[in-house]
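Novice: when you get a sec, could you give me coordinates for this:
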Amino acid sequence: MSRTPSSTVRPVQNAVWNANVLTQWRDGQGQERSPCPFLNAAANHGIINYSGREIQVDRLRHVLNAGFGLQGKILDTLMNGAQDFANKEKQRAQDSASNHFNLEQLLEHGVIEHDGSLTRERHTSADPKRALARNNAAIDGLLSHAENGYLTYSSVAYWRSAVRHKEEKDGLQPPTSIPWKSKLTAAGETVLLLEVIGRNGKLAVADAECFLKQERFPDGFTPVKPGELGTTYLGWQILKTVVREEYVHRFGKQKTD
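Specialist: Okay, the predicted model is just below:
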């Protein structure tokens, strides 16, 4: 069975991650969860609140930075989104001292949740929450595009294109819409999937199935060390992914780098 390269390197231990984290997974059934597999997995492992509620913004920043090696502009962009949700929750609860959010807030359309999802049904006027639950058939479709046992940037681009073409013809309201902000968000998800959960632009099918279907960090997973993934590198990969996914969607074939 193919394994992601992260499964074969020396284990990392830091302020967030240690050898026990993988054994602390619990299914999130009945708990508050989001359309984001990473945050759901973090909750299922107890890295953030298992309940999915009152996720402290400062704790999430610490988890992403010290635990998973994200930094610079990439980290700031992710945390700006978390802070926006926390500000909305602060206003809703009329509690100026709080600085937390709940995972289900990420269901707000066009922020984190977006059309053309790799793993969720799309939001509709009649049923906005249909974008919350995992769509295992969609995940199977994504995995079917794997190359030599691995998800790659190309395989993700082909599956996202298939999803977008299907949504554009499904007749549901509102019509599918993927503005450039959503394309950047989607590309960022692809890069984090293949560089943070995977390594070097690929993720083994078995590990992807574990992460996306069970929302569990794969056996043998070890996080990226802080500084190992540079902000410039990740930003460049995101821009290349936007171009690649748009090219495949428009022309039905891979653009040569």
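
Novice: what residues are up against Ser125?
Specialist: For Ser125, the contact set (Cβ atoms under 8 Å, 6 or more residues apart in numbering) comprises Gln173, Pro174. The C-beta positions use only the backbone N, C-alpha and C, and glycine is treated the same way.

Novice: secondary structure class for it?
Specialist: coil (DSSP: H, G, I helix; E, B strand; the rest coil).

Novice: how near is it to Ala131?
Specialist: In this structure, Ser125 and Ala131 are 12 Å apart, going by Cβ to Cβ, to the nearest Å.

Novice: same question for Asp58.
Specialist: For Asp58, the distance to Ala131 - Cβ to Cβ - is 28 Å.

Novice: looking at these two, which has the bigger crowd around it?
Specialist: More crowded of Asp58 and Ala131, by other Cβ atoms under 10 Å: Ala131, with 21 against 12.

Novice: what segments of the stretch 151-257 of the chain are strands?
Specialist: For the stretch 151-257 of the chain, strands defined by DSSP state E, counting those that start in this stretch occupy the ranges 202-204.

Novice: how about low-confidence regions in it?
Specialist: For the stretch 151-257 of the chain, residues meeting the criterion pLDDT under 70 lie at 254-257.

Novice: helices of that one, start to end?
Specialist: 153-168, 180-192, 205-213, 231-251 (DSSP state H, counting those that start in this stretch).

Novice: can you list these in TSV and add mean neighbour count?
Specialist: TSV is the format used below for those (neighbours: other Cβ atoms under 10 Å):
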stretch	mean neighbour count
helix 153-168	20
helix 180-192	20
helix 205-213	21
helix 231-251	17
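
Novice: which residues touch Lys181?
Specialist: Gly110.

Novice: quick one: it from Asn148, how far?
Specialist: As defined by Cβ to Cβ, Lys181 lies at a distance of 33 Å from Asn148.

Novice: ramachandran angles for the residue of the chain most remote from its centre?
Specialist: Largest separation from the mean C-alpha position in the chain: Gln94, at 30.0 Å (Cα atoms, centre = their mean). In this entry, Gln94 is assigned phi and psi values of phi 50, psi 50 (degrees, to the nearest 10).

Novice: can you list the domain ranges for the chain.
Specialist: 32-108+127-133, 136-257 (automatic domain parsing).

Novice: quote the end-to-end distance of the first one.
Specialist: This means domain 32-108+127-133. Domain 32-108+127-133 has an end-to-end distance of 11 Å (Cα to Cα, to the nearest Å).

Novice: with stretch 162-180 instead?
Specialist: End residues of stretch 162-180 are separated by 18 Å (Cα to Cα).

Novice: identify the residue spatially nearest to Asn102, adjacent ones excluded.
Specialist: Closest residue to Asn102 apart from its sequence neighbours, by Cβ to Cβ, 6 or more residues apart in numbering: Arg53 at 4.8 Å.

Novice: my guess is that neighbour contacts Leu103, does it?
Specialist: Yes. Contact criterion Cβ atoms under 8 Å: Arg53 and Leu103 qualify, at 7.4 Å.

Novice: now the common contact residues for these two.
Specialist: Glu32.

Novice: between those two, point out the one with more neighbours.
Specialist: The residue with more neighbours, out of Arg53 and Leu103, is Leu103; 25 against 16, by other Cβ under 10 Å.

Novice: if we can go back for a sec, so which of the domains of the chain gets nearest His114?
Specialist: Of all the domains of the chain, domain 136-257 sits nearest to His114, with 4.1 Å by Cβ to Cβ.
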